[in-house]
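1. need the 3D shape of this:
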Amino acid sequence: MLIRLRNSILRTLLKFLFKRKSTIEETRARSDKNMRLMGKLPEEILVEKVSIDKLNAEWVYTAEANEGKVILYLHGGGYVTGSAGTHRMLCASLTQKVKAKIFFPEYRLAPEYPFPAALEDATSAYRWLLAQGFEAENIVIAGDSAGGGLSLATIQALRDDNKPLPAGMICISPWTDLTMSYESHRSKANVEPILRADSLELWASSYAADTDLRNPLISPAFADFSGFPSMLIQVGSEEVLLDDAKELAKKAKFAGVDVTLSIYEGMWHVWHAAGEFLPESRAAFEVIGEFVQGVWKE
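-> All right, here's what the predicted structure looks like:
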């Protein structure tokens, strides 16, 4: 009873913060404002900025992080917003749990830089890690929302280019179908506190520009997942992207991929951002930690 009441209050607050129709500029300004409300990083979190040609990136880690293990993290934000600043707290929780370094590239955003700019930056970041001496078997690619979809597109591109693939991948509330054809976009619209249909349509068209939304590198729901590494998918029961996650798991399993799908009852889009504040967030990071250690086998 108390859990349901707490979740109801939190969803109401999130709806107040996110459900107003916004332009891309307004969405970016809101993200920056929310970032300032997140507070300071824990003292043990270290941040080191890196430049890869014209691509800005940063390491987020603790002193206890294994120097040989890395998670390449691709942020969400509908391909139109998001930065290291908006996701640094999430990455802090991640590095604390997995005891590995988090590498966070700030890929180019639409509409200024439509597809395939984000994909090019993500694959460049991965190749840079390989060039720095990281073994593919010691890398995991992870992402939330659009970053989850971008993670899937990155694996596709690397596989088709015959590059060594990472040990595993983590998709948090992934946006896999930019045509938004799945039923949960309608059945969950009234309970979804963060994502709006009109916003998703704007972001999708801004990212795809003149490219077909069914292109599997834009909408991985239409991809062939043959040869993909082990995959962990986490999604909330109360989000419009629920079916994106469920269908991803089904299609990946059909292609022979080792898939773990976790649906968190009562949770909303990328609840992980709540960090230590929310028990379900802590529980999700626990599962991520177990998954990562499993694919690294050490």
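2. who are the neighbours in contact with Glu135?
-> By CB atoms under 8 Å, 6 or more residues apart in numbering, the contact list for Glu135 reads Gly68. (C-beta placed from N, C-alpha, C; glycine too.)
3. ok, so what distance separates it from Pro164?
-> Using CB to CB, to the nearest Å, Glu135 is found at 8 Å from Pro164.
4. and after the lowest-mean-pLDDT helix or strand in the chain, which helix or strand comes next?
-> Every helix and strand in the chain was compared by mean pLDDT, DSSP states H and E; the lowest is helix 2-18, with a mean of 60. Sequence-wise, the next helix or strand downstream of helix 2-18 (DSSP states H and E) is helix 24-36.
5. next SSE after that following helix?
-> strand 46-52.
6. now do that next one: which elements does it pack against?
-> Packing partners of strand 46-52 (3 or more CB pairs under 8 Å, 6 or more residues apart in numbering; DSSP states H and E): strand 55-61, helix 117-131.
7. can we see that at 10 Å?
-> The helices and strands touching strand 46-52, judged by 3 or more CB pairs under 10 Å, 6 or more residues apart in numbering; DSSP states H and E, are strand 55-61, helix 84-98, strand 100-105, helix 117-131.
8. give me the buried positions along the last one.
-> So that's helix 117-131. 117-126, 128-129 (16 or more other CB atoms under 10 Å).
9. neighbours of Lys33, how many?
-> 10 (other CB atoms under 10 Å).
10. that one and Ser83, how far apart?
-> 13 Å.
11. hang on, the earlier thing: need the buried residues of helix 117-131 in JSON lines with distance to Glu247 and pLDDT, can you?
-> Formatted as JSON lines, the buried residues of helix 117-131 follow (distance: CB to CB, whole Å; pLDDT from 0 to 100):
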{"residue": "Ala117", "distance to Glu247": "26", "pLDDT": "98"}
{"residue": "Ala118", "distance to Glu247": "22", "pLDDT": "98"}
{"residue": "Leu119", "distance to Glu247": "21", "pLDDT": "98"}
{"residue": "Glu120", "distance to Glu247": "26", "pLDDT": "98"}
{"residue": "Asp121", "distance to Glu247": "27", "pLDDT": "98"}
{"residue": "Ala122", "distance to Glu247": "22", "pLDDT": "98"}
{"residue": "Thr123", "distance to Glu247": "24", "pLDDT": "98"}
{"residue": "Ser124", "distance to Glu247": "29", "pLDDT": "97"}
{"residue": "Ala125", "distance to Glu247": "27", "pLDDT": "98"}
{"residue": "Tyr126", "distance to Glu247": "25", "pLDDT": "98"}
{"residue": "Trp128", "distance to Glu247": "32", "pLDDT": "98"}
{"residue": "Leu129", "distance to Glu247": "30", "pLDDT": "98"}
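12. hang on, isn't Lys97 packed against Ala142?
-> No: using CB atoms under 10 Å, Lys97 is not in contact with Ala142, being 11.8 Å away.
13. and for these two, which residues touch both?
-> 288, 292 (CB atoms under 10 Å, 6 or more residues apart in numbering).
14. which of those two has more residues huddled nearby?
-> In this view Lys97 and Ala142 are compared by other CB under 10 Å, and Ala142 has more residues nearby, 26 against 17.
15. list the buried residues in stretch 186-203.
-> 188, 192-196, 199-200, 202-203.
16. next one: stretch 248-257
-> Quick answer for stretch 248-257 (16+ other CB under 10 Å): 248-249, 251-252, 257.
17. what are the pairing partners of the longest strand that the chain contains, and which direction each?
-> Using DSSP state E to define each element, the chain has its longest strand at strand 66-74. When pairs are called by DSSP bridges, strand 66-74 turns out to pair with strand 100-105 (parallel), strand 139-144 (parallel).
18. ok now the last one, how far from the chain's centre?
-> For strand 139-144, the distance from its own C-alpha centre to the chain's C-alpha centre is 7 Å (CA atoms, centre = their mean, to the nearest Å).
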